[in-house]
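Asks: here is my input; please provide its structure:
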Amino acid sequence: MSISSQLNNSTLTINISGHFDFSTHKAFRANLDSIDKQVKHVRVDMRTTDYLDSSALGMLLLLKSKMNDQKDAVTLVNAKPEVKKILEIANFGQLFTLS
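Replies: Below you'll find the model as predicted:
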């Protein structure tokens, strides 16, 4: 598991590798704390995310709250089919932009 981030202009990209679960809470929270007013959009790249659980869903909701609950402010991208299925079952397509 690893979480890294890159800021490009006003877009923060958070890359999540491996299992996205409670063990990543501290690292994910550190990325949340680094978001300032300069950040207008967050992309969560799940290209290498193999698994996520309910605590990961909760962390994504914290991110959405940090971005003032604007649906288009957070985009979940490149999710593998099994990860995307969990996001869809949890109705995250109504809360986030999935691509």
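Asks: contact partners for the spatially most central residue of the chain?
Replies: What sits nearest the mean C-alpha location of the chain, by Cα atoms, centre = their mean, is residue 44, with 4.0 Å. Contacts for residue 44 (Cβ atoms under 8 Å, 6 or more residues apart in numbering) come out as 13-14, 16, 60, 63, 74-77. Heads up, the C-betas are built off the backbone N, CA and C, glycines and all.
Asks: residue 92 - how many residues pack around it?
Replies: By other Cβ atoms under 10 Å, the residues close to residue 92 number 20.
Asks: same question, residue 11
Replies: 13.
Asks: where does it land on pLDDT?
Replies: On the pLDDT scale, residue 11 is placed at 95.
Asks: what's the closest non-adjacent residue to it?
Replies: residue 41 (4.7 Å; Cβ to Cβ, 6 or more residues apart in numbering).
Asks: show me what contacts the one you found?
Replies: Neighbouring residues of residue 41 by Cβ under 8 Å, 6+ apart: 10-12, 72-75.
Asks: wait, a strand at the residue nearest to the centre of the chain?
Replies: Yes - under DSSP: H, G, I helix; E, B strand; the rest coil, residue 44 falls within a strand.
Asks: which stretches of this structure form strands?
Replies: Per DSSP state E, the chain carries strands over the ranges 2-8, 11-20, 41-52, 74-77, 97-98.
Asks: what's the last one in contact with?
Replies: Among residues not part of strand 97-98, those counted as contacts by Cβ under 8 Å, 6+ apart are 71-72, 74-77, 79, 84, 87-88, 92.
Asks: give the contact list for residue 49.
Replies: Residue 49 touches 16-20, 79-80, 83, counting by Cβ under 8 Å, 6+ apart.
Asks: and stretch 17-37, what's buried?
Replies: 17, 20, 24, 28, 31-32, 35 (16 or more other Cβ atoms under 10 Å).
Asks: JSON lines for these, including distance to residue 49 and pLDDT?
Replies: Output for the buried residues of stretch 17-37, formatted as JSON lines (distance: Cβ to Cβ, whole Å; pLDDT from 0 to 100):
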{"residue": "17", "distance to residue 49": "7", "pLDDT": "95"}
{"residue": "20", "distance to residue 49": "5", "pLDDT": "95"}
{"residue": "24", "distance to residue 49": "10", "pLDDT": "92"}
{"residue": "28", "distance to residue 49": "12", "pLDDT": "92"}
{"residue": "31", "distance to residue 49": "14", "pLDDT": "87"}
{"residue": "32", "distance to residue 49": "17", "pLDDT": "89"}
{"residue": "35", "distance to residue 49": "20", "pLDDT": "89"}
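Asks: I appreciate the help and will end here.
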